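K.L.:
structure, please.
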Amino acid sequence: MAGIGAEKNLDEAGDQSPSDDPIIPVPEDEAKKPKKELTKDEEFLKEYLARSFGLRPPPRQVLSTVDIQGIANLISEGKVRKVITMAGAGISTSAGIPDFRSMNTGLYSQLDKFNLPRPEALFSIDYFKENPIPYYTVRKQLLLENYKPTPCHYFIRMLAEKGILLRHFTQNIDGLERVAGIDPELLMEAHGSNRTGQCLHCSATYTAEWIKDCLIRNEIPKCTAVDCTGVIKPDTVFYGESLPKRFSELVNQDFCQCDLLIILGTSLKVQPFAGITNKVPVETPRLYINLEKNASESKHPLCILIFGGGFKFDDEDNYRDVFLQSKCDDGCYKLAELLGWKDELSNLVTSEHARLGKEFKEEQEKTKQLPVLNQLLTQMSLQNDAEEPCSEKPDQSLPQKGQTDTGMTQASSSGPNQKPCQSGKKLSNQMHEPVSGSTNRSPNSNKNTEQSKSTKKLAKYKRK
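P.N.:
Reported below is the predicted structural model:
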């Protein structure tokens, strides 16, 4: 009987209409709970997959032709007002600064003498803390030399002057964008710059001029604060360090409104910089000027989420991606010619290089006089200003002439360099009095520092 009753109950249940199903009430607080919004990365992946499965209409092609002429037409017709440029080491090679990965000429191909565990260790923060000598030996030329911006830098400046540059994102630390006259507010130096440096121990800040002064004396820059001998690290991003907070803020702010993306001289192999090329809207054209076509479409959903979808240069359904195989300067001149800007760009490069050449010559004349002035200042300081002797500590040194680089320790094999006794006086904003009397103050400060006693005595000595 129990079985028959059970069958009857099942039959009755099966005859019920959907409207007879019991309604489970939703708690009032659950009904009012707002839906969770997707992050930008989640939204990107959702839309990418939807387009891949044909669930979205194909994006509108805004280029008349998918080539460099189409890019020029778009600019000439005034259809772009928010251009973003992204640059790597390739835009500075014609200035004399080597890139990283080029065979035989790239920076990574010239490091055998240092016996590094891997080439990237040169820019590893952990390795720098252990041994800063390779970094400063390799970077000494970059930090001391006066390099002139390239035509590529000045083309970016022209985009800014014409009011269509939204932002310039650069991986470079050479600061040539600033030398070229691009408004710092338009710059995002993703990997920092050499304008300042900080002590790894006490975080005291030092200017580029002070660091240069140390390198001229062939010394590793070390902190001069009282009871601190920490190594000074330039304010550049090493492997193992986070990018500036402003980087992610500007990526989220700028890329969603970009109407033309121009990528110059980068291998697009370093994340997260390489992945932001896919942050622009799906209709935004993308121009990639480089010697090698390093970017291609990624198919794996996880890779798409983390690194972006890549480019479709050779795909039949390519509607926006243009690759120009060229040196950066040549590519910028070609685009400038199509825009009718070539003469303007050439004249700007010529006039600016002439101006900088004159400035660099004057600076070199001052630099030649620096060792003599430093020697006089140090001698007079030791003779007249020393209140009590202080213990001198051996300093880390760069390789001297005739000395081999391989197997070199933190101190010179021919004997440690001796640093003059320092007063350790603190200036404003954690700046410290420079070792050799060169100016060392906050880059944003216009206040003149008080002239040292030694400098006053030297001035008195000159008057005599």
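
K.L.:
and the helix or strand harbouring residue 335, what other elements does it pack with?
P.N.:
Element membership of residue 335, judged by DSSP states H and E, is helix 328-339. If contacts are counted by 3 or more CB pairs under 8 Å, 6 or more residues apart in numbering; DSSP states H and E, helix 328-339 sits against helix 68-76, helix 151-161, strand 260-264, strand 286-290, helix 342-380. For the C-beta atoms, the positions are set from N, CA and C on the backbone; glycine is no exception.

K.L.:
residues in contact with residue 240?
P.N.:
For residue 240, the contact set (CB atoms under 8 Å, 6 or more residues apart in numbering) comprises 124, 125, 126.

K.L.:
can you tell me which of the helices and strands packed on helix 328-339 has the worst average pLDDT?
P.N.:
The minimum mean pLDDT among the helices and strands packed on helix 328-339 belongs to helix 342-380 (a mean of 80).

K.L.:
ok so, going back, for the contacts of residue 240, give me CSV that also has pLDDT.
P.N.:
Below are the contacts of residue 240 laid out as CSV (pLDDT from 0 to 100):
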residue, pLDDT
124, 91
125, 93
126, 93
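
K.L.:
just the buried residues of those residues.
P.N.:
Buried members of these, scored by 16 or more other CB atoms under 10 Å, are residue 124.

K.L.:
in this structure, which strand is the longest?
P.N.:
Assignment by DSSP state E gives strand 192-199 as the longest strand of the chain.

K.L.:
who touches it?
P.N.:
Here strand 192-199 has contacts from 142-143, 173-175, 178, 204-208, 211, 221, 223, 225, 228, 230-237, 244, 443, using CB under 8 Å, 6+ apart.

K.L.:
dihedrals phi and psi, residue 87?
P.N.:
phi -130, psi 150 (degrees, to the nearest 10).

K.L.:
least confident secondary structure element in the chain?
P.N.:
Least confident element among the helices and strands of the chain, by mean pLDDT, DSSP states H and E: strand 417-418 (a mean of 34).

K.L.:
got the contact list for the nearest residue to residue 163 once chain neighbours are set aside?
P.N.:
Leaving out its chain neighbours, the residue that sits closest to residue 163 by CB to CB, 6 or more residues apart in numbering is residue 81, at 7.5 Å. Residue 81 makes contact with 163, 164, 259, according to CB under 8 Å, 6+ apart.

K.L.:
adding distance to residue 153, pLDDT and neighbour count, write these out as TSV.
P.N.:
Formatted as TSV, the contacts of residue 81 follow (distance: CB to CB, whole Å; pLDDT from 0 to 100; neighbours: other CB atoms under 10 Å):
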residue	distance to residue 153	pLDDT	neighbour count
163	18	97	7
164	17	98	16
259	22	97	19
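
K.L.:
burial measure for the residue nearest to residue 80 when sequence neighbours are not counted, as a count.
P.N.:
Excluding the flanking residues, the one nearest residue 80 by CB to CB, 6+ apart is residue 260, at 4.3 Å. The number of residues packed around residue 260, counting by other CB atoms under 10 Å, is 25.

K.L.:
got it, and the one 4 residues further on?
P.N.:
For residue 264, the number of neighbouring residues by other CB under 10 Å comes to 25.

K.L.:
that one against residue 90, yeah?
P.N.:
Yes: here residue 264 reaches residue 90: they are 6.7 Å apart, a contact under CB atoms under 8 Å.

K.L.:
that older thread, list just the nearest of the contacts of residue 240 to residue 363.
P.N.:
The nearest member of the contacts of residue 240 to residue 363, counting by CB to CB, is residue 125 at 31.1 Å.

K.L.:
now the closest one: how far from residue 243?
P.N.:
Distance of residue 125 to residue 243, given as CB to CB, to the nearest Å: 13 Å.

K.L.:
what does residue 325 give?
P.N.:
Counting by CB to CB - residue 325 and residue 243 are separated by 29 Å.

K.L.:
same thing with residue 201?
P.N.:
Residue 201 sits 23 Å away from residue 243, taking CB to CB as the criterion.

K.L.:
now swap in residue 324 and tell me
P.N.:
Using CB to CB, we find residue 324 at a distance of 28 Å from residue 243.

K.L.:
so where is the stretch 301-450 of the chain shaky, pLDDT-wise?
P.N.:
Counting by pLDDT under 70, the low-confidence segments of the stretch 301-450 of the chain come to 301-309, 367-450.

K.L.:
any idea of the pLDDT on the residue nearest to residue 194 when sequence neighbours are not counted?
P.N.:
Closest residue to residue 194 apart from its sequence neighbours, by CB to CB, 6+ apart: residue 234 at 4.9 Å. Listed pLDDT for residue 234 reads 92.

K.L.:
residues contacting residue 234?
P.N.:
Residue 234 is in contact with 139, 143, 173, 192, 193, 194, 196, 197, 211, counting by CB under 8 Å, 6+ apart.

K.L.:
for residue 273, see how far away residue 239 is.
P.N.:
Remark: distance between residue 239 and residue 273 (CB to CB) = 13 Å.

K.L.:
hang on, the earlier thing: partner residues bridging the residue nearest to residue 80?
P.N.:
Beta bridges link residue 260 to residue 83, judged by DSSP bridges.

K.L.:
which residues touch it?
P.N.:
Counting by CB under 8 Å, 6+ apart, residue 260 touches 71, 74, 75, 80, 82, 83, 84, 284, 285, 287.

K.L.:
for these, which one is nearest residue 359?
P.N.:
Residue 359 has its nearest neighbour among the contacts of residue 260 in residue 83, at 29.5 Å by CB to CB.

K.L.:
isn't that closest one up against residue 262?
P.N.:
Yes: Residue 83 sits in contact with residue 262 when judged by CB under 8 Å, with a separation of 6.5 Å.

K.L.:
tell me which of the contacts of residue 240 is nearest to residue 310?
P.N.:
Nearest to residue 310 among the contacts of residue 240: residue 124, at 27.5 Å, using CB to CB.

K.L.:
now that closest one: closest residue in space, sequence neighbours ignored.
P.N.:
Spatial nearest neighbour of residue 124, excluding adjacent residues (CB to CB, 6+ apart): residue 239 at 4.6 Å.

K.L.:
confidence score at that neighbour?
P.N.:
If you check residue 239, the pLDDT there is 87.

K.L.:
ok, the one 5 residues further on next?
P.N.:
Residue 244 carries a pLDDT score of 90 in this model.
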